[in-house]
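Enquirer: Below: sequence and its predicted model.
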Amino acid sequence: MQEIPRDIIIKAKEGTIEAFEEIYRIASSYVYTIALRITNRREDAEEATQDVFMSVYKNLKNFKFKSSFKTWLYRITVNAALNMVKRKEKESKKTIHYDECKNIEDAAYVNPEGIGAADNERLIKSMLTALSSEQRACIVLKEIEGLKYKEIAETLRININTVRSRLKRARQRLILLYKRGGSGDEM
Amino acid sequence: MRCKKVQDLIMSDYIDGELNERQRKQIKDHLEGCLGCRRVLHAVSESAVSPFKESKIAKPDESVWHYIKENIEEERLHRLKGSLLERIMPIPILQKPRFALAIIVAFAIFVTVFVKSPFYTERGVNMYLEEQIEFLRYLGTNGIDTIGAEYIGLGTAIEEYFF
């Protein structure tokens, strides 16, 4: 995501709706993508995006430029998306376990070589479903947003070693899925 | 460098570009001579990294912005109502419940006492009016003679004109 100019943030802080809309136009795709990858559902991602920008609107007056605006926004986004996942899990009274996922996703997670864009989207979706929400958040911020470990740690308010460990575990899971998908490769 | 350590780094810092130049070279040198670790690197790249490289940025529907804008306007209206209420109660003392209650009670006592005062009961007013009417009637009839008798013998010639 490109950096949002400081003067636009200041105008939005003062209550200028046009400045706030400009922030929305710059950031909404990134916010929505993160929310979509974490929640894995379009409707939930839209709701999370609305929650994020309402939260930004209400709390912008308290933003003091101590951290970068991008980090602050990512933090609100990940929290909103994770809360949405927890809420939906409670509502459906069904948690996604790795073993359940394994059965569902083995069928979908085939050798990724030569697949089209739509198939790639399905593949990413199934890969992310196989991870816990915390691992998903780290993978999304690393692989899709390209953040450094330090930025991920700041966004999620966790230790940098925790970032490292979650990414490692997430990748180990994905390798296992890939292996069960019948690529034929032996490790 | 041991394979376990290298594979740990391949799964994290190496593939994520978090190592410095010297550390990267150590890993590279190890990979050149180790098939097992090269296979791990291949598996991580194929299964956990490459699929995300093709990932597209998704765009939310325009209805999301409309919903946000509506909520913002509702929020502003709500704040405006709150600030109008503050404007019609400028006296800070009224914003403190205890002081406001004390003033109300004092006012109630004042009104009660004032209303019960003999000067302000209907009975009191009627009595006063009756007295005045009687006095005026008195002035218009025999009262004059009676009054005149009081002034006879005061030694002023003007008495001759009146009585």
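Expert: Alright, I've got the coordinates.

Enquirer: What is the neighbour count of B:Ala100?
Expert: 14 (other CB atoms under 10 Å in any protein chain shown). The C-beta positions use only the backbone N, C-alpha and C, and glycine is treated the same way.

Enquirer: ok, now how distant is it from B:Met11?
Expert: 67 Å (CB to CB, to the nearest Å).

Enquirer: same question, B:Leu129
Expert: B:Leu129 sits 106 Å away from B:Met11, going by CB to CB.

Enquirer: which one of the two has more residues nearby?
Expert: Looking at B:Leu129 and B:Met11 with other CB under 10 Å, you find the greater number of neighbours at B:Met11, namely 23 against 10.

Enquirer: So which residues on chain B come close to chain A?
Expert: Counting by CB under 8 Å from any CB of the partner chain, chain B comes close to chain A at B:8, B:11-13, B:16, B:18, B:39-40, B:42-44, B:46-52, B:54-61, B:63-65, B:67-69, B:71-72, B:75.

Enquirer: which non-adjacent residue is nearest the residue nearest to the spatial centre of chain A?
Expert: Among the residues of chain A, the one closest to the centroid is A:Ile34, at 3.5 Å (CA atoms, centre = their mean). Spatial nearest neighbour of A:Ile34, excluding adjacent residues (CB to CB, 6 or more residues apart in numbering or on different chains): A:Thr77 at 5.0 Å.

Enquirer: For the one you found, give me its contacts.
Expert: The contact partners of A:Thr77, by CB atoms under 8 Å, 6 or more residues apart in numbering or on different chains, come to A:Val31, A:Ile34, A:Ala35, A:Ala48, A:Val52.

Enquirer: at 10 Å instead, please
Expert: A:27, A:30-35, A:38, A:48-49, A:51-53, A:55-56, A:137, A:140-141, A:145, A:155 (CB atoms under 10 Å, 6 or more residues apart in numbering or on different chains).

Enquirer: are any of the residues you listed buried, and which?
Expert: Buried by 16 or more other CB atoms under 10 Å in any protein chain shown: A:27, A:30-35, A:38, A:48-49, A:51-53, A:56, A:137, A:140-141, A:145, A:155, out of the contacts of A:Thr77.

Enquirer: Just the buried residues of the lengthiest helix in chain B, please?
Expert: Ranked by residue count under DSSP state H, the longest helix found in chain B is helix B:62-88. Under the neighbour-count criterion of 16+ other CB under 10 Å, helix B:62-88 has B:Val64, B:Trp65, B:Tyr67, B:Ile68, B:Ile72 buried.

Enquirer: same check, this time on stretch B:27-36
Expert: Neighbour counts over stretch B:27-36 (16+ other CB under 10 Å) mark B:Ile27, B:His30, B:Leu31, B:Cys34 as buried.

Enquirer: gap between the last one and A:Lys125?
Expert: Distance of B:Cys34 to A:Lys125, computed by CB to CB: 34 Å.

Enquirer: same deal with A:Arg87?
Expert: As for A:Arg87, its distance to A:Lys125 is 20 Å (criterion: CB to CB).

Enquirer: thought A:Gly140 was touching A:Ala81?
Expert: Just to correct that, residue A:140 is Val rather than Gly. Yes - A:Val140 lies in contact with A:Ala81 (CB atoms under 10 Å); the separation is 8.8 Å.

Enquirer: Now for those two: what residues contact both?
Expert: Jointly contacting A:Val140 and A:Ala81 under the rule CB under 10 Å, 6+ apart are A:Ile34, A:Ala35, A:Leu36, A:Arg37, A:Ile38.

Enquirer: what helix or strand does the residue nearest to A:Ile34 sit in?
Expert: Take DSSP states H and E as the rule and A:Thr77 turns out to sit in helix A:69-92.

Enquirer: got the CA positions of that helix in CSV?
Expert: What follows is helix A:69-92, C-alpha atoms only, in CSV (Å, rounded to 0.1, in the frame of the first residue of the first chain):
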residue,chain,number,x,y,z
PHE,A,69,-0.4,5.3,9.6
LYS,A,70,0.0,2.1,7.5
THR,A,71,1.0,0.0,10.6
TRP,A,72,-1.9,1.5,12.6
LEU,A,73,-4.3,0.7,9.7
TYR,A,74,-3.0,-2.8,9.3
ARG,A,75,-3.4,-3.5,13.0
ILE,A,76,-7.0,-2.3,13.0
THR,A,77,-7.7,-4.4,9.9
VAL,A,78,-6.1,-7.7,11.2
ASN,A,79,-7.9,-7.3,14.5
ALA,A,80,-11.3,-6.6,12.8
ALA,A,81,-10.8,-9.6,10.5
LEU,A,82,-9.7,-12.0,13.4
ASN,A,83,-12.7,-10.8,15.5
MET,A,84,-15.0,-11.5,12.5
VAL,A,85,-13.5,-15.0,12.2
LYS,A,86,-14.1,-15.7,15.9
ARG,A,87,-17.6,-14.3,15.8
LYS,A,88,-18.6,-16.4,12.8
GLU,A,89,-17.0,-19.5,14.4
LYS,A,90,-19.1,-18.9,17.5
GLU,A,91,-22.2,-18.4,15.4
SER,A,92,-21.8,-21.5,13.4
